[in-house]
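J.: Any chance you could fold what I've pasted below:
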Amino acid sequence: MNWLKGLIALLLVAGLTGCAGCPYSFTGASVPAHIETVAIPMFDDQSGFGDPQLREVLTSQVTQRFESDGNLRIAERGDADSILEGIITRVTDEISVVEGQADRASVRRVTIAVQITWQDVVKREIVFENTVSNWGEYDTGAGGAAQRDEGIAEAVRKLSEDILLATVARW
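T.: Next up is the predicted model:
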């Protein structure tokens, strides 16, 4: 029984002090020390979805997330230490919930996928490339396009959080 108490005490101490040999760290940013600014040019939309505002809305939301976070300052492309580029590669709008005897779609899910590339301008290398995807749902009842816009807005909000985390809080 004493060995169990010792093991618990050891785990508690290790948990409180951290783990120097652990392969992951939760200390926050993985942003290289020489990168203080980021340029976020207008994302490209190659999805064929047909929403002309999607690229502007997503780019604006991502930029706002970075401004709020404060780890990296937003800068113009020519003055930035890094550049975050995005390409909207896929947008789907599919049935999520079916109800009733008539098999009527009551909830739809909009999923947006974005290819992200973060470049270190100073060292002229790519820090990372990744595809990020997230979704938003909307009720198909009254409201039509406005309801769909709410689903898209939810997906964009989630995506902007994911893109920020992928950039400044990777572990």
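J.: What's the biggest helix in the protein, counting residues?
T.: helix 145-168 (DSSP state H).
J.: can you pull out the strands in the protein?
T.: 37-39, 44-45, 73-74, 82-99, 104-120, 125-139 (DSSP state E).
J.: now these as a markdown table including distance to residue 148, mean pLDDT and mean neighbour count?
T.: Where C-beta positions appear, they are placed from N, C-alpha and C, glycine not excepted. As requested, those are exported to a markdown table (distance: least, Cβ to Cβ, whole Å; pLDDT from 0 to 100; neighbours: other Cβ atoms under 10 Å):
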| stretch | distance to residue 148 | mean pLDDT | mean neighbour count |
| --- | --- | --- | --- |
| strand 37-39 | 31 | 97 | 20 |
| strand 44-45 | 17 | 97 | 18 |
| strand 73-74 | 30 | 96 | 14 |
| strand 82-99 | 7 | 91 | 16 |
| strand 104-120 | 7 | 91 | 18 |
| strand 125-139 | 6 | 94 | 15 |
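J.: Switch those over to a markdown table; also include distance to residue 164.
T.: Supplementary listing: the strands of the chain in a markdown table, determined by distance: least, Cβ to Cβ, whole Å:
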| stretch | distance to residue 164 |
| --- | --- |
| strand 37-39 | 10 |
| strand 44-45 | 19 |
| strand 73-74 | 12 |
| strand 82-99 | 10 |
| strand 104-120 | 11 |
| strand 125-139 | 10 |
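J.: and residue 151, which of those strands is closest to it?
T.: Nearest to residue 151 among the strands of the chain is strand 125-139; the distance by Cβ to Cβ comes to 3.3 Å.
J.: Residue 74 and residue 48: what is the separation?
T.: 29 Å (Cβ to Cβ, to the nearest Å).
J.: so residue 161 touches residue 65, yeah?
T.: Yes. Counting by Cβ atoms under 8 Å, residue 161 touches residue 65, with 6.5 Å between them.
J.: With neighbour numbers in mind, choose between these two.
T.: The neighbour count for residue 161 versus residue 65, taken as other Cβ atoms under 10 Å, is higher for residue 65 (20 against 16).
J.: Pull up the distance across stretch 138-148, start to finish.
T.: Distance across stretch 138-148, first residue to last, is 6 Å (Cα to Cα, to the nearest Å).
J.: Buried residues, it. List them.
T.: Within stretch 138-148, the residues that count as buried by 16 or more other Cβ atoms under 10 Å are 138, 140, 147-148.
J.: Need the max-distance pair from these.
T.: Across the buried residues of stretch 138-148 (Cβ to Cβ), the longest gap, 8.7 Å, separates 140 and 148.
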